[in-house]
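S.K.: Turn this into a model:
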Amino acid sequence: MEGTRRGKKTFKITIFIALLIFLPGCRDYIWDYTMEKLVQSYEEIRDDLYVGRLEDWQNREAECLGYPDYYEDEDFVIDLGLMIGIKNQVVKSIGYKADVTNYWQTSCETETRGRGDCEDIAVMIWKGLRDAGFSDNIIGIGIAKNDRGQGHAFAVVYYTEEDFYILDANFWFGAIRSDQLDDSITLVMGCNLFSIWEF
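M.R.: Sure, this is the predicted structure:
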């Protein structure tokens with residue numbers, strides 16, 4: 001049985017190589033197909049890694065905060081000044097320290113250590129917004145990549161279903177809107193304590 005399987009696999013590989021060598025049109029098709037599958041596999045692996053990391057943080061953060069209930073206020077009005085004030089206070093009080101392992105600290109860990117990287121600072125801004133009464137359905141943490149593949153995290157506050165404010169230590173004393181991002185930035189994924197979403 002094993003020999004039959006090995007024989008079939010060898011035959012398929014031989015046909016594949018023959019197509020690549022002798023039929024240039026097939027070579028282009030097979031190359032495109034292979035690249036498409038590689039990109040698809042990479043995206044699935046990337047999403048699994050992000051989702052796993054975010055779910056781990058959600059579980060630990062829920063424990064840190066004493067398993068709070070979901071809070072939603074349909075009549076909530078965004079106070080831009082308060083939002084920016086919370087962000088600026090967090091940026092002043094939490095020192096930046098790079099983390100090569102991409103471990104997402106809970107807000108409890110970051111408060112104790114007094115330092116963290118971009119996602120840890122984003123979590124602290126998110127928590128500050130939540131503590132100030134911002135509705136859970138409009139706040140979260142966003143993840144983006146630049147055109148060099150470098151990842152970054154920041155706090156978000158949605159002002160419409162599609163568009164949101166970005167609160168980030170790199171934009172000191174202010175907030176930018178998601179529609180102001182240039183084409184070099186790709187929004188990847190977002191989360192809060194209760195959900196994970198793709199942009």
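S.K.: Let me see the residues that make contact with stretch 171-189.
M.R.: 46-47, 50-51, 54, 80, 83-84, 87-88, 91, 142-147, 151, 156-157, 159, 163-168, 196-199 (CB atoms under 8 Å, 6 or more residues apart in numbering). For the C-beta atoms, the positions are set from N, CA and C on the backbone; glycine is no exception.
S.K.: For ChimeraX, write a command that selects the buried ones of the residues you listed.
M.R.: Restricted to buried positions by 16 or more other CB atoms under 10 Å, the ChimeraX selection for the contacts of stretch 171-189 reads:
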select :50,54,83,84,87,88,91,142,143,144,156,157,164,165,166,167,168
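S.K.: Keep only those of the contacts of stretch 171-189 that are in helices.
M.R.: Within those, residues falling in helices by DSSP state H are 46-47, 50-51, 54, 80, 83-84, 87-88, 91.
S.K.: Tabulate those (TSV), appending pLDDT.
M.R.: Formatted as TSV, the ones in helices among the contacts of stretch 171-189 follow (pLDDT from 0 to 100):
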residue	pLDDT
R46	50
D47	56
Y50	77
V51	89
L54	94
L80	95
M83	96
I84	95
K87	96
N88	94
V91	94
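S.K.: now, which of those sits nearest Q105?
M.R.: L54 (13.3 Å; CB to CB).
S.K.: Now do the contacts for R113.
M.R.: Q105.
S.K.: same deal with the one 10 residues further on?
M.R.: The neighbours of V123, taking CB under 8 Å, 6+ apart as the test, are 57, 61, 104-107, 110, 116, 141.
S.K.: Can I get the helix or strand hosting it in CSV, CA atoms only?
M.R.: Taking DSSP states H and E as the criterion, V123 maps to helix 118-131. Output of helix 118-131 as CSV, limited to C-alpha atoms (Å, rounded to 0.1, in the frame of the first residue of the first chain):
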residue,chain,number,x,y,z
CYS,A,118,3.1,49.5,20.9
GLU,A,119,0.4,46.9,21.7
ASP,A,120,0.9,47.3,25.4
ILE,A,121,0.5,51.1,25.2
ALA,A,122,-2.5,50.6,22.9
VAL,A,123,-4.1,48.3,25.5
MET,A,124,-3.6,50.9,28.2
ILE,A,125,-5.2,53.6,26.0
TRP,A,126,-8.1,51.2,25.3
LYS,A,127,-8.5,50.5,29.0
GLY,A,128,-8.4,54.2,29.8
LEU,A,129,-11.2,54.8,27.3
ARG,A,130,-13.2,52.0,28.8
ASP,A,131,-12.7,53.2,32.3
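S.K.: buried sites along that helix?
M.R.: Using 16+ other CB under 10 Å as the test for burial, helix 118-131 gives 118-130.
S.K.: Switch the residues you listed over to TSV; also include distance to P68 and pLDDT.
M.R.: Shown next, in TSV, are the buried residues of helix 118-131 (distance: CB to CB, whole Å; pLDDT from 0 to 100):
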residue	distance to P68	pLDDT
C118	24	94
E119	20	95
D120	19	97
I121	21	97
A122	18	97
V123	14	98
M124	16	98
I125	17	98
W126	13	98
K127	11	98
G128	14	98
L129	14	98
R130	8	97
